[in-house]
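A.B. asks: Fold the stuff below for me.
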Amino acid sequence: MNSVRTNKICMMGKKMRIILTILAVFFFSKGNKAVAQSTDPQKVMADIYTAYNNVTDLTFNVKYIYTSDTLNGKFLNESLNGSYRMVGNKALYELGAIQYMQNDSFLIAVYNDEKFILISNPRTQNNIGSNLPLRSLLDSVLHSYGEHYTISTTKVSDTTSALNFIRKDSLAQFDKFSVTYYTKGRALLSSIAYDFKEATYTDATDSVATQLGNRAPLPIIYRRKTLALNFFNYRYNKVPEKLFNESNYIRLENGKWVTADKYKDFQIYNYRTNGDSVNAGQHSK
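C.D. replies: Model (predicted):
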């Protein structure tokens with residue numbers, strides 16, 4: 001991505017920190033697969049992925065909650081609501097004021113507060129279940145770092161169980177990571193949460209003062225933070241096909257992609273790599 005996009009993202013409000021945290025770590029044919037009761041973490045996650053891959057016209061809500069411990073009387077407690085609609089290889093989801101749409105030809109992100117649209121090629125996975133929230137993080141913890149955690153499965157309630165990852169050595173990404181899923185019916189997700197520590201100064205202005213040479217740096221401390229993602233209100237509603245039409249957002253005009261009338265005041269940034277007139281990184285209004 002070019003510097004224009006980076007600068008725009010850096011100017012976003014506090015709720016964007018949740019999204020950036022998620023991105024820094026880092027959406028189905030009919031069926032009704034039974035949930036296998038297993039303590040094998042790979043088998044548990046396979047059951048979860050299969051549950052989403054075997055569902056069509058799925059809609060659900062999510063809530064991201066980002067918290068921290070207290071430092072100098074201050075603490076983080078931010079939340080961000082979202083919704084997901086999934087039909088086959090198509091997806092429509094919202095996180096706060098940001099909308100995403102994927103169809104067979106486009107992946108489009110609309111930043112309503114910042115008034116710009118990003119367009120790129122759709123993700124190439126065979127099914128939309130590959131793009132579940134935090135899917136890449138789940139895969140990373142399980143396949144790349146699994147040996148660095150103590151892993152266990154616990155019963156949370158009569159209808160849910162949790163797959164727990166507890167840090168075993170210094171190579172583990174997080175102090176604790178947990179995936180709670182339903183054990184009745186489909187193995188759909190109930191929540192994902194991870195705890196981690198982040199280096200910070202005891203005084204928020206210390207790093208700036210040190211750069212200016214005003215005083216010696218204060219000690220760095222490690223602040224505990226938690227990002228939780230709750231899934232709820234699952235429903236199987238027919239989603240209108242017209243919602244996945246790129247013409248809701250953009251149109252081709254004189255060989256260039258421009259914004260639809262609804263977004264006439266927005267800038268558009270094109271990162272598609274299939275020979276569009278507007279090359280990757282360029283933008284137009």
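
A.B. asks: Now do the strands in the stretch 151-285 of the chain.
C.D. replies: Under the criterion DSSP state E, counting those that start in this stretch, the stretch 151-285 of the chain carries strands at the ranges 160-167, 176-182, 189-201, 220-235, 250-253, 256-259, 267-270, 283-284.

A.B. asks: nearest to residue 116, of the ones you listed?
C.D. replies: The closest of the strands of the stretch 151-285 of the chain to residue 116 is strand 267-270. By Cβ to Cβ, the value is 4.5 Å. C-beta: built from backbone N, CA, C; applies to glycine.

A.B. asks: What strands line up against the closest one, and which way round?
C.D. replies: The pairing partners recorded for strand 267-270 under DSSP bridges are strand 116-120 (parallel), strand 283-284 (antiparallel).

A.B. asks: Just the C-alphas of that strand, formatted as PDB.
C.D. replies: Coordinates of each C-alpha in strand 267-270 appear next as PDB, following Å, rounded to 0.1, in the frame of the first residue of the first chain:
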ATOM      1  CA  GLN A 267     -12.000   9.300  -3.100                       C
ATOM      2  CA  ILE A 268     -11.300   5.900  -4.600                       C
ATOM      3  CA  TYR A 269      -8.100   3.900  -4.300                       C
ATOM      4  CA  ASN A 270      -7.700   1.100  -6.700                       C
END
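
A.B. asks: Which of the strands of the stretch 151-285 of the chain sits closest to residue 139?
C.D. replies: That would be strand 176-182 among the strands of the stretch 151-285 of the chain, by Cβ to Cβ, at 11.7 Å.

A.B. asks: ok, residues contacting the closest one?
C.D. replies: For strand 176-182, contacts defined as Cβ atoms under 8 Å, 6 or more residues apart in numbering pick out 35, 44-45, 47-48, 138, 141, 149, 156, 159-167, 187-195.

A.B. asks: what is the orientation angle of it with strand 160-167?
C.D. replies: 170 degrees (axes from the mean of the first three to the mean of the last three Cα atoms, to 10 degrees).
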